[in-house]
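**Q** below: sequence and its predicted model.
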Amino acid sequence: MPPIIAPYNVSHAITSVGGVPGNWFRPDGVDELRRTIVYFHSGGYVGTSPWMSQHYLCDRRRTRCDVFVADYRLAPEFPYPHGAEDGVVIKAA
């Protein structure tokens, strides 16, 4: 799914937090200190990707929060609890 965030005035960057890759979505024109939402996309640790929720997440500009969407490890290559452990690493970072 290609990026569709242009209408939302949101910046996008692919990076990592605590070694876990993911996508940052940050509302443009917000200069004050912001809170961060960490979002784990749906898929039960076996499917989808951070891109599947981008439309929904970019509309979060109303919260004036940055959003990090973790690209956590998926089964079957990385069986449970690997994906869940990625969330623990992000929380500690």
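**A** Yes, it's here.
**Q** ok now the helix or strand of the chain with the lowest mean pLDDT, how far from the chain's centre?
**A** Within the chain, confidence by mean pLDDT, DSSP states H and E is lowest for helix 54-58 among all helices and strands, at a mean of 71. Distance of helix 54-58 from its chain centroid, counting by CA atoms, centre = their mean, to the nearest Å, is 10 Å.
**Q** pull out the buried positions in it.
**A** Neighbour counts over helix 54-58 (16 or more other CB atoms under 10 Å) mark 54, 57, 58 as buried. In this view, the C-beta of every residue, glycine as well, is placed from N, C-alpha and C.
**Q** how about stretch 19-28?
**A** For stretch 19-28, the neighbour count (16+ other CB under 10 Å) marks 20, 22, 23, 24, 25, 26, 27 as buried.
**Q** and those, which is closest to residue 49?
**A** Using CB to CB, residue 23 comes nearest to residue 49 of those, at 9.3 Å.
**Q** that closest one touches residue 71, doesn't it?
**A** Yes - at 7.1 Å, residue 23 counts as touching residue 71 under the criterion of CB atoms under 8 Å.
**Q** shared neighbours, the two?
**A** Contact criterion CB atoms under 8 Å, 6 or more residues apart in numbering; residues shared by residue 23 and residue 71: residue 50.
**Q** related to what we said a few turns ago, between the buried residues of helix 54-58, which is nearest residue 35?
**A** residue 57 (14.3 Å).
**Q** OK, contacts around that closest one?
**A** Going by CB under 8 Å, 6+ apart, residue 57 touches 25, 39, 67, 69.
**Q** part of a strand, is the third one?
**A** To tie it back to what came earlier, the one meant is residue 67. Yes - counting by DSSP: H, G, I helix; E, B strand; the rest coil, residue 67 is located in a strand.
**Q** which residues does it bridge with?
**A** Partner residues in beta bridges with residue 67, using DSSP bridges, are residue 25, residue 37.
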